[in-house]
Every structure is written in structure tokens, then in C-alpha cells.
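Asker: predicted coordinates and the sequence they were generated for:
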There are 2 protein chains.
Amino acid sequence: MTARKLHCAVPVPSDIEIAQSVEALPITSIAESAGILPSELSPYGTTRAKVKLSILQRLEGSPNGKYVVVAGMSPTPLGEGKSTTTIGLAEALGAHLNRPCFACIRQPSQGPTFGIKGGAAGGGYSQVIPMEDFNLHGTGDIHAITAANNLLAAALDTRIFHERTQEDAPLYRRLTNELKDFTPIMQKRLHKLGIDKTDPKELTEEERVRFARLDVDPATISWRRVVDVNDRLLRDVEIGLGKAEKGVTRRTGFDIAVASEVMAILALVDDLADMRQRFGEIQVAKSKAGATVTAEDVGCAGAMTVLMKDTVEPTLMQTLEGTPVLVHAGPFGNIAHGNSSVVADRIALKLVGHDGFVLTEAGFGADMGCEKFFNIKCRTSGLKPDAAVLVATVRALKFHGGVEPKNAGTENLEALRAGMSNLLRHIRNIRKFGVPVVVALNQFTSDTAAELDLVRELATQEGGAADVVVTSHWSKGGAGAVDLAKALIKTTETTPSNFQLLYPSNVSLKEKIETVCREIYGAAGVEYLNDTEEKLADFEKSGYGDFPVCMAKTQYSFSHNPDLRGAPTGFTVPIRDIRVNCGARFVFPLLGDISTMPGLPTRPAYYNIDIDCETGKVVGLS
Amino acid sequence: MTARKLHCAVPVPSDIEIAQSVEALPITSIAESAGILPSELSPYGTTRAKVKLSILQRLEGSPNGKYVVVAGMSPTPLGEGKSTTTIGLAEALGAHLNRPCFACIRQPSQGPTFGIKGGAAGGGYSQVIPMEDFNLHGTGDIHAITAANNLLAAALDTRIFHERTQEDAPLYRRLTNELKDFTPIMQKRLHKLGIDKTDPKELTEEERVRFARLDVDPATISWRRVVDVNDRLLRDVEIGLGKAEKGVTRRTGFDIAVASEVMAILALVDDLADMRQRFGEIQVAKSKAGATVTAEDVGCAGAMTVLMKDTVEPTLMQTLEGTPVLVHAGPFGNIAHGNSSVVADRIALKLVGHDGFVLTEAGFGADMGCEKFFNIKCRTSGLKPDAAVLVATVRALKFHGGVEPKNAGTENLEALRAGMSNLLRHIRNIRKFGVPVVVALNQFTSDTAAELDLVRELATQEGGAADVVVTSHWSKGGAGAVDLAKALIKTTETTPSNFQLLYPSNVSLKEKIETVCREIYGAAGVEYLNDTEEKLADFEKSGYGDFPVCMAKTQYSFSHNPDLRGAPTGFTVPIRDIRVNCGARFVFPLLGDISTMPGLPTRPAYYNIDIDCETGKVVGLS
């Protein structure tokens, strides 16, 4: 593997200063070292390149490497460093221990980048570079998702408008290009309707109306528009208020783009054909007679695939030390499944081969992204994880034990012991899937030896973690995660994974929801609000009963209440709303007050972000 | 120059079949032939590359080539082939007559691509390839525009929300990070307010309130959100209807992304520093006390520039015959200025040098894109055009003479003579700017010799065109435009341009509007509806009186009424609304019923568009 020696400054400079102090290696060198052929690469500038899926055919016979998911304890305002650990550990394995290694991470959303959290390139001396390219547009995947999602929304609403404002005959005449032809996409709808005719003139009056009128019941529309901005004012909107819309108004809303079904599908598909199939299956509404209305019926599943055709290829980038990284799909493990893609993991597993490691990141706390990694992503891909790395810090554990952020730097063994309830539940949860857990404890200078010992003792003896390793990759790069890397290697050699799903596909949707709430969140029960029970019954009746569940919940607590730290028990989870993503093939319950569109704080990150007009460099991005 | 021989089939296959039948040359070869250094190129895949602006410094001392604007007669449903002519003529000059030549065209919007008009890569054997890459995401500029535009919208509305829901003290405390600091961007606002302090603790109560409260008057907000989709239901919306927004609702709307001020700025800037300056100057609203509220005040002009940093570089592509093309900025000469960028034209003019030609395209009829090319773009850049190519067809002229589309293939000299009024007014209009006009008459098989002769006679003798040339580049590639190329060369050699603006900057905004309406549109007068006169007075008072005007009007007629074909007279133009784009530095009057968000027809293009899952190729794109 290509490797670059780091010279780590003390004190550690800002993320962007570190990132800009190192010139990225040509992405073609990174690719060559990783075993990717030039013909399998589409460059985007000199530091990013998309990797063609044809590589999977070429490497079909190669053995897979070890498959490791990187997850976190319940996040706190202090920052635990999950992405940083993914990158640092990849550098330790790849650049220091000479193990073939890939990190598979997610393209950041511009919501957090300009909002509260900042970018997601890692931090300190464990970063993906160039961090500006990584944090801004990447290779355009999220933009393509936004375009495809919003094309379907516009197509659906405009179709409703045209159906409401046109009589049967002119509507049919215009759809069929003056009775001249059906396009191949229209023929799919005819086939679905059982109409076996190819000449528009041959349809009976009744068939013409059935073909031309989707007859959408506006109250059933589940498809929302998206933007990749934290735009809280768009959560609930009324559209169609213009005079020209002739009263075809509707209440709807916008989600953040990365939480869209289109993103979920991208992360789960096998290839472009699978994507085309799934886009066609997206359910956007029901007709007034109760029939399912899909993106295929609306006529733009093909165009959506065309817009998304390049996104199916993951993007190759590099860490500061020259370790290869595949960037694909999106974050938000709270309101999305929040995992990198199946195809990126598959490509990386083949490229690293028998002795290698693939680190794939799962969003937020392990109750969110990691549960979905197992129950949704691994269920879909059939891949079996070999180990999990669970990231924690002493400060964050004390926060979960009731300490306020400003006091998190003071030794407090009592609070730490209390807060360990959070980490222990995450460890036990992952072990329920049969996967061994190595805890990565990101060290801060304020951590005391007694505190680190306590975490080690409780995590291994009470939690059953395979190992607990203190790391310093934020300040030292891969060198600071070599012990963690060695512990991970040893664990995969000595502790075999017995991976199993938490629930089978063939139990009821309610049972799936309740299993996750009880077994993962520690809830006492589940309460179905509004019309969620009717919706679940309808989903079962419509044939979606086999889908897994993708829970939308606050990331800050095991419960639906962000203020309940540690490992709360005895709470009842309210299911406020529930949607079905027929293309992504999961059911999507919304728990408590979780919103699918974040907001901007009073002082967002953009107050720091600018261009230095002399140098053209970005400043203030973190 | 690199050139590729075409083998033109008869009958002419579909656009996408032709485009996919030719393998694009490596963009590095196109660049090399055009004189672009490898270090001045950022590849996007193998067929597109962004060109760095540093090339302008390197070529500072080189002479400019001839600067030619390609414009059209008033468009009709029949299609006249303006983009096709731009490409065919570039091929004739570059690949057939060995003149250094660049076509400077605009990135298409996905609105028309999936709506009515289809893509904008040209057509037949005169196309930009790969047409899928050109017509879909390009190198992501429009997506970056959408992101920057919508970040500002979210920032503004969320700021209003925070100001409405927070008391003075906590608002100030949060903005200043607990009284710890002002970011450099905040210091710009302090400077504007005349507060010469750097420590948040030092401000007086009154200064704190002035700094923290933009105190926006919601009724004055002129900044709208954008999407690059024809989504008519978003023209007028109400936002903030969610319970969490605490009643901070507002009536607003979405425009198509390419009509945004951010796009207009991209097309007019000199460089990134100029872009940063102009983004800061964008006026989004007024305060309740009547003060201007800018993007700088909102705090995200820096972040917008960061999002847009790569867009400032035009994208190099190629024609079917290997002639270089620079793609930059966006279309919609009706509701935007609709011209390619100043920087793309400047780069191309230096690259082709003394003997070369740069063809730059101006959107829709010459009354729209070309008037704005002269009065806005050339005013900004200081560049002087040498000639104009005006594209027409016999069929379209007969349509303007009252013939219905289905009869446009039948000889009708009377209708043709009547419809020539349209072309003649366009010729005379361009000549008012002192620029010689060559008419390109795109031939159809139904055109008769008598018809072609009549156009030639009237255009030269009555209109004063320098030449009229019949072309067949749609079916023959560059070979079909060689006569046109020769005529253009001859015109630039024999008929010097005496370029002049239609109005000086220092007359009143009303006089500018009325000059364009009278001199270009042939209107009898102008009527100011709603509060447009007050707005104009306010713009003058606020110091925007020197701006040119960017008229938004239907492209289908010289008048504001799309049904008035030919060269209507005696009409009064209603100014329905008027906006000011302080960053783009023009005033933006909306004439008649023109909408800044197009709609989808009953049978949009997407019904034809799909992926062939066997080959991965796009089908049905046109």
C-alpha cells in the first residue's frame, strides 16, 4: 500500500490546517496500490475517482477480507470521534501494520457541515483528504439524489394537477402524443393494469380512463421533497398557492436529502439494474380506490435511474497517511439507515483479500446505525461482519453519568461508573448479534489512569467486550491506533463471529418494532399513536410484512427522549408516524419527536467558513 | 486542432444514437490541441475537465480572436436549431476550415431536459458529446448554485425564527459563542454598523441589539428558494407551518435554479474574489427600519463562495468532430440573462488567438438573450462582439406569418413574407448595437428554392443583414455549415463592428426599461403595475440606478403576449413586478404573465428516458 509519513505538530493544529498542510497523493497511485485497474477508475479532479462496479466481476473469485463495523456509544455534545477512529484505525492497519485495509465511510451532508456538527472527514491527524472536496460536493451523489427525489415529487404533483384540470379525452390524447404511441415506460403501466394493447387507438373508453388517471388520493401521498440544507421552515409547507395552480394546493414538507428513500436505495443496491427495479417499486401514494401508486406509474423511475447512474459507483479518496477510503451513501443513522453502501463494502472486501480489513462506519450510537447495519444492510447483502469496534471516551461516559460538559475534564469515578451503563448496553446489544466487540477509548489529556482502568474492567468483565484499547490517533495519526489495530487483529483471529439477525423477516412488523425497542433500546413497551396501527395493518396486507424496520429516533438516548442519558429503562416508546419505503424495502417508524429535517442553530458553522481570496483556499471548515 | 471525420447516415438517426455511436476523444487531447496545459485542467471522468482561471494570467498578452454571438429569431414550437448551429458552425470553422475555434455554450437545466424541450447538446450530427454527461449533471455547477442559493434562504428564514423566539440577551450570547468571539464574517457586519470593537463583552446594550437583530421585515424578503426541476406547485408556497416553528410562517416561492441570482453572478464574475464580493452584496430583504439586509449580514456569503469555488472554472467538452467547447453558466434567456460566462468567453478568445473564432450562445430569441448579451454581459466584461449569427428556418418564419405547425412544410410565400417581419426586426435590433449580422438559415427538405430566395432577398435588402447562408449541419455535421463559416469569416474581414450599448448606465431605470421595450420589442409604451414604480424609485434611492435591466418576458413574442407572432406593434408592456439583484448588479423587471418556474406538460420527456440495464446506456434522452 502507498503510505505517507506524518509529522505531527504539538499542539494539534486545526483540522483544516492539518488537511491543507499535506498534499494528497494522485488518486491514480492510491488506486494502483489498492489493486484497482486504471480502466476501473473515473477521475474527478486528481484526488477523487469513482470506481466502476465491473471490478466486482473481475474479483469474483477472490476471498473477502475481515468485515468490521465501527460504531459508537450514544453521542454527546463533547464529540466521541467515531469517524476519526475509523480513519485512524485504517491508517494503523494499512500504513503501520501493512495489512491491506479500506475504510468505507459515508458522504457528509451539507446540513451538518454548515450547521452544528461540521464536516465528517475525521479530525486532527486522522482525516480524509482533501477535506474540502470530501465535505463539500464529493462527486455529486447527494445532488443527484436530490434531483431524482424532486423530479418524482414534481412529476407526481403535476400529474395530479393535469388530472384535476383536464377531461378524460384530452388527458389521454396528450399522454399518448395525439393517440400515436405509448412509450416503453407507459407499456409497463399498461401491463400492470392487465391491458395487453400497444396502439393507443385500440383501448376502450374504460381502459383509457384507467390508464390515464392515477386518481391519487392526496391524503395518502407519502413522497416528500428534499434539500441538503438544514431548512427547518420547510418541514411543513403548503404548496400550489399560485393562481395558475387553480386551487390544487396540498400540505406537505421537505426532508434532508440524505434521509430520503433514494439515498437508502443507493446504499442497498447490487447494481444499476437493481436500482432501476427498486426505483420503479417506490410507493408514492394510493389511488382513491386504494391501489398502490408507484414511481413506475408516475413514469419517471427511468429518468431517476438516469440521474443516478454515476452514483452507484463509490468514490475513492485517501487518508492523510495514504490509506484508501471508499466514500459512498450518506449519514444520519438517526433518521436514515445511515450506513455506507453494500457495493462499497463488497468492492473493498475483495480488494483487501484474505489478510485484509474493511472498516465500515455505522452512524451515531450503536442503537441506531449499527442496529440498522445488522438488521437492514447485512440482511440485504448477506455479508457477515467479523467484529465491531465501539468508540467511546471517558468524558462522554461521565456525561452519561450525569456530569455537565464543562465538568467532564475532572476525574469522577462515580459518574463514570454510572455512565458506563451506556457503553455496557451497547456492548451487550452488539453481542446479541453474535459479533465480538473491541472498545476504542479515545484518550483526552484529562483522562486519569483510574478512569481508564475502570472502563477497561467494566467493559470486559461486565460487558463482555473482547478488548478495550486506549487510542491517540487524533494527535498522532495511525501510530496512535496501532494498539487498537493489533487488538482487532487478535480478536478476529481468536474470537469467531457467530453473526445472527435480531429478528427473522417473517415475523410481524409490530414484533420487529417491539423487538428493537425492547432488546436494543431497553424499553418497557411500545405505544402506537395516531393512525400507525392502521398503517401497519395496511402494510402487512399490501405485502410489505417481510420488510425490516428502519427506526427514526433521537441519537442522544437509547430512548426516544434525548434527555435520558445512560441506559434508561421502564419507558414506553411512542410510534408517532410510520412510512413504508417500498424501493428501499423497509418500514420506517418515527419515534417521539424526531424530525426528518434538522434546523440551524443560532450560530451555525457558516459564520466561520470563507474563501481566502488571495490563495483561493477554504478557511474555517471543520 | 484535433478533428474527427464523421460518417453521416441517411436518414439521420436519433440524437442519442448518433451521440453514442462516436467515442469521445480523451479530453486531455482536446485540451492539448486547444493550447491548454495539463496543469490548467481538472478532469471529471475522461470526457470533461474544468479549466483553471490561471490560464488567463498565462495568456494575458495574447491577442483575442473574433467574438461572435449566436442568437435566434423568436422561437416556435417547430425548433429552429440555435444550439445545433453553434455546434455545427464551430465544427465547420475548427474541423473543416482549420481556424482555431471554441463554442461557448451554457449548461442545460434539468427542467427542459425532463420536461418539454429535451437537452441542449445540439442535434443530429452537430452535437456536444457525451450528450448524457452534458445534459445531466455536467460538472455539478447547477447543483452548487442550488446549494448556495438554498443555504442563504435557510439561513435567512432561520435567523428570523431565532430573532422572533429569543430575547436580546440569549440571542447575543449564542451568536457570540457565549460572549467569547466574533468571527471574521461577523466583524464585517460590525464594520458596516460602525462598531469598532472586537470583544463581544465590550459592546453596549444598544450595540448588541443592533448587531444581533437583522430585524427583517418579512414583507420585503426577495430571496426565493430554487430547484432545477420544473415544479410548478412550488411557485407559491407557505412555509413554516410546523408546530415547532411557533407561528413563524411566510408566503414565498421557488424559482428554477438557472434563473437565480447566483447563476447570474457566476456568468458575470471576473474570478473567485469578485464572486465573494458580489455574494456579500446580494440584497435579501430590508429591515423594518428600511436598512438593506445582505447575504453578508446573514453571515453566509463566505460559505456560498466555498460551495461555488469550483463552478468558477468552465468545463471543457467536445463536439462530435472534436472541436473544443466550453460549457459554463446557464440557459433561460427569458427569465435570466441566459448567456454563457464572461470567463469562458475570455479564456476562449485568448486560446483561439488572432485568427480564431469564439462562438458564444445567447438564449432564446435575440430580443431576449442577445439584448442581454450586449447590454448586460458586454457592459460588464468590456468585450466587443465582432459579429452576430442569427438562426432562422423557413418553417418558423411561416409560423410567424400565421401558418399552423402542421402546415409549415408546404410552400407559402405570402405567409413567409409576413413572418419575415420577425427576422427583420431581430436583424435591425442587432444592427442598432453596431454589430453586423449573418443569417443562418437551417434548411429542411420541405423548403423550396423560392422560399429560400425570398428570405435571402428580404434579410439582406430590407434588413441589412451582411449575408444569408443556407445550412445543413444537422444532417451533415460541420460540412453542412462550411458556407456559413466562410460567410462569417468574410463578414468579420469586410464589415467592421461598431459596437455600442443601447443605453448608457447613467439614465434612469425607467428610461432603460422603456428603451428596451420601444427599441427592441417595438412596444408603444410601458405600464407599471402593482408597486413597481415605488420599487424603482426605491432602487434609484438605494444607489442601484446605474444597473442595467434584465427583462423577464415570454420568449415566444417580441411582446409580453406569447400569442402575438411576427413583429407586433402598438402594444403596451405591463411591468408586473420588479426585483433587484445587487450581486449580479441588474434590475429584474417581470413582464406580463412570465413565471420564474416552468411547469411540466402532460407528457413530459421523462416518459421516454430510461437506462438499458443490459448495457448501462441511457435511452430516450434528446
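Answerer: Great, that's in hand. Numbering: from 1, shown residues only, chains lettered A, B, ... in the order given.
Asker: only C-alpha atoms from now on, for both contacts and neighbour counts.
Answerer: Fine.
Asker: ok but residue A:576 is inside a strand, no?
Answerer: Yes. Counting by DSSP: H, G, I helix; E, B strand; the rest coil, residue A:576 falls inside a strand.
Asker: spatially central, which residue of chain A would that be?
Answerer: Nearest to the mean C-alpha position of chain A, counting by C-alpha atoms, centre = their mean, stands residue A:338 at 2.0 Å.
Asker: hmm, residue A:369 and that residue touching each other?
Answerer: Yes. Taking C-alpha atoms under 8 Å as the definition, residue A:338 is a contact partner of residue A:369 at 5.6 Å.
Asker: any shared contact partners between these two?
Answerer: Shared contacts of residue A:338 and residue A:369 (C-alpha atoms under 8 Å, 6 or more residues apart in numbering or on different chains): A:362-363.
Asker: re earlier: now do the contacts for the residue nearest to the centre of chain A.
Answerer: A:106, A:330-332, A:362-363, A:369, A:372.
Asker: do that again at 7 Å, thanks
Answerer: Listed by C-alpha atoms under 7 Å, 6 or more residues apart in numbering or on different chains, the contact partners of residue A:338 are A:330-332, A:362-363, A:369.
Asker: strands of the stretch 351-500 of chain A, start to end?
Answerer: A:357-365, A:387-392, A:437-442, A:467-471 (DSSP state E, counting those that start in this stretch).
Asker: looking at those, which is nearest to chain B?
Answerer: Comparing those against chain B with C-alpha to the nearest C-alpha, the closest turns out to be strand A:357-365 (23.6 Å).
Asker: quick one, the closest one and strand A:387-392 angle?
Answerer: 40 degrees (axes from the mean of the first three to the mean of the last three C-alpha atoms, to 10 degrees).
Asker: pLDDT on strand A:357-365, on average?
Answerer: Across strand A:357-365, pLDDT averages out at 96.
Asker: what of stretch A:290-301?
Answerer: Average pLDDT, stretch A:290-301: 97.
Asker: pull the contacting residues for the residue nearest to residue A:376 when sequence neighbours are not counted.
Answerer: Once flanking residues are discounted, residue A:376 sits nearest to residue A:548: 6.3 Å by C-alpha to C-alpha, 6 or more residues apart in numbering or on different chains. Taking C-alpha under 7 Å, 6+ apart, we find residue A:548 in contact with A:375-376, A:505, A:586-587.
Asker: returning to that earlier point: the residue nearest to the centre of chain A and chain B, how far apart?
Answerer: Distance of residue A:338 to chain B, given as C-alpha to the nearest C-alpha, to the nearest Å: 21 Å.
Asker: same thing with residue A:50?
Answerer: According to C-alpha to the nearest C-alpha, residue A:50 and chain B sit 8 Å apart.
Asker: what does the strand or helix carrying residue A:207 rub up against?
Answerer: Per DSSP states H and E, residue A:207 falls inside helix A:205-212. By C-alpha under 7 Å, 6+ apart, the list of residues contacting helix A:205-212 from outside reads A:168, A:171-172, A:190.
Asker: mind listing the helices for the stretch 351-500 of chain A?
Answerer: A:371-372, A:379-381, A:394-400, A:413-432, A:449-457, A:473-476, A:482-494 (DSSP state H, counting those that start in this stretch).
Asker: now do the end-to-end distance for stretch A:550-562.
Answerer: End-to-end distance for stretch A:550-562, by C-alpha to C-alpha, to the nearest Å: 19 Å.
Asker: spell out which parts of the stretch 201-350 of chain A neighbour chain B.
Answerer: For the stretch 201-350 of chain A, the contact set with chain B under C-alpha under 7 Å from any C-alpha of the partner chain comprises A:229-231, A:233-242, A:245, A:272-273, A:299-300, A:302-303, A:305-307.
Asker: in helices, which of those residues fall?
Answerer: Residues of those located in helices (DSSP state H): A:272-273, A:302-303, A:305-307.
Asker: by neighbours, which of the contacts of helix A:205-212 wins?
Answerer: Most neighbours among those, by other C-alpha atoms under 10 Å in any protein chain shown: residue A:172, with 24 neighbours.
Asker: quick check: closest non-adjacent residue to that one.
Answerer: Closest residue to residue A:172 apart from its sequence neighbours, by C-alpha to C-alpha, 6+ apart: residue A:212 at 5.6 Å.
Asker: tell me, how many residues neighbour the one you found?
Answerer: Residue A:212 has 20 neighbours, counted by other C-alpha under 10 Å.
Asker: and it, how far from residue A:163?
Answerer: Counting by C-alpha to C-alpha, the gap from residue A:212 to residue A:163 is 8 Å.
Asker: how about residue A:72?
Answerer: Distance from residue A:72 to residue A:163, by C-alpha to C-alpha: 49 Å.
Asker: enumerate every residue touching residue A:72.
Answerer: A:82, A:364-366, A:390-392.
Asker: okay, those residues in TSV with neighbour count and distance to residue A:570 next?
Answerer: Formatted as TSV, these follow (neighbours: other C-alpha atoms under 10 Å in any protein chain shown; distance: C-alpha to C-alpha, whole Å):
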residue	neighbour count	distance to residue A:570
A:82	28	29
A:364	24	23
A:365	29	20
A:366	31	20
A:390	26	25
A:391	28	26
A:392	29	25
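Asker: list the buried residues of the helix holding residue A:207.
Answerer: Buried residues in helix A:205-212, counted by 16 or more other C-alpha atoms under 10 Å in any protein chain shown: A:208-212.
Asker: all good on my end, thank you.
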